[in-house]
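# next come a sequence and a model predicted from it.
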Amino acid sequence: METEITIRGRTLTAADIEFMQEVIRTHWKQGRSFISREICAQWGWVQANGRLKEIACREVLRGLAEKGEVELPPARGVGRRKGVMGRKAAEPMLGLRPRAIEGSLQSLLPIDVRMVRGTRHEKQYRQLVEQHHYLGYRQIVGEHLKYMAFSGNRPLACLGWGAAAWKVSGRDEYIDWTAEARKQNLPLVADNTRFLILPWVRVPHLASYLLGQQARVIAAEWERVYGHPVVLLETFVDKERFKGTCYRAANWVWVGETKGRGKYDRYNQGGEPVKDVYVYPLRGDFRRFLTEQTEK
């Protein structure tokens, strides 16, 4: 076994892995969810709001299992694989009869942008993204928020936000932080993981308008849900499909390109499309927050 292994930004020693193996053996029959909660409780591995980081812990456990360092009990339940929605969830929504929404942005106002995670609209969000976004729907691991935009009761768009990518050269140079500062402060950066204007909605300037609306509220809502704000937004735009026009129109800053490895490529294997990287500071002193390091 390697002396140390780093997964999802957490460095595990041989003693850490031995401890996890013991928890797995002791609670094998209770399943993966129980095991992850037990590990988080023993380590004090919690979010800023006090909730256990059990989803992130399960990701670490899966990473260790892939490396052959631990053996996990069989996963319980069916219908999802690697966070992708199952067939049933992807079925067309009953009662939704899309009719073209066209015209000026002004004609749609006021637009209601709602945080739908944990609400009755979350299922609708999942279905729309699965059916109409080119990447489909994936359950986000760790901290995340989901939004939908409505004009009246008609959905216009879906926006998903999640944890920032671990290492992005253009973004990291723009922030100018050290590896240790990045490790400590990465939760203060949020990634725009999904942005979908529904295909029957053809309204000029709507996308940049929605990005502007999100920038006004997301820091406060992130703090309400997770106990800490975000000070910088990031996103990755597939160069082969999109020009990033709406991000530029909303004053996002282009900071470079990815190297085609993907967010979770630990082995530098490549194979992902090259993407433009954009960032959006939510406050003028964002670098101070991101480059500060606490004493150990």
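Structure received. Residues are numbered from 1 along each chain as shown.

# where does the prediction get shaky in the stretch 151-296 of the chain?
The stretch 151-296 of the chain contains residues with pLDDT under 70 at 260-271, 295-296.

# which parts of it are helices?
Counting by DSSP state H, counting those that start in this stretch, the stretch 151-296 of the chain has helices at residues 169-175, 179-185, 206-226, 245-249, 286-291.

# in CSV: those, plus distance to Leu64 and mean neighbour count.
The way it works is simple: take the backbone N, C-alpha and C, and place the C-beta from them, glycine included. Supplementary listing: the helices of the stretch 151-296 of the chain in CSV, determined by distance: least, Cβ to Cβ, whole Å; neighbours: other Cβ atoms under 10 Å:
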stretch, distance to Leu64, mean neighbour count
helix 169-175, 26, 18
helix 179-185, 19, 16
helix 206-226, 25, 18
helix 245-249, 36, 17
helix 286-291, 29, 16
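
# I'd like these laid out as CSV, including distance to Arg51.
Formatted as CSV, those follow (distance: least, Cβ to Cβ, whole Å):
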stretch, distance to Arg51
helix 169-175, 27
helix 179-185, 19
helix 206-226, 8
helix 245-249, 31
helix 286-291, 22
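
# to Ala163, which of those lies closest?
Proximity to Ala163, assessed across those by Cβ to Cβ, is greatest for helix 206-226 (10.4 Å).

# output the closest one as CSV, restricted to C-alpha atoms.
Taking Å, rounded to 0.1, in the frame of the first residue of the first chain, the C-alpha atoms of helix 206-226 are listed here in CSV:
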residue,chain,number,x,y,z
LEU,A,206,-32.0,35.7,-20.8
ALA,A,207,-28.9,33.6,-20.0
SER,A,208,-26.8,36.5,-19.0
TYR,A,209,-29.7,38.0,-17.0
LEU,A,210,-30.0,34.8,-15.0
LEU,A,211,-26.3,34.6,-14.3
GLY,A,212,-26.5,38.2,-13.0
GLN,A,213,-29.5,37.2,-10.7
GLN,A,214,-27.6,34.2,-9.4
ALA,A,215,-24.5,36.3,-8.6
ARG,A,216,-26.7,38.5,-6.4
VAL,A,217,-28.1,35.7,-4.2
ILE,A,218,-25.8,32.7,-4.2
ALA,A,219,-23.3,33.8,-1.5
ALA,A,220,-26.1,34.4,1.1
GLU,A,221,-28.0,31.2,0.2
TRP,A,222,-24.8,29.1,0.3
GLU,A,223,-24.1,30.5,3.8
ARG,A,224,-27.7,29.8,4.9
VAL,A,225,-27.5,26.2,3.8
TYR,A,226,-23.9,25.3,4.5
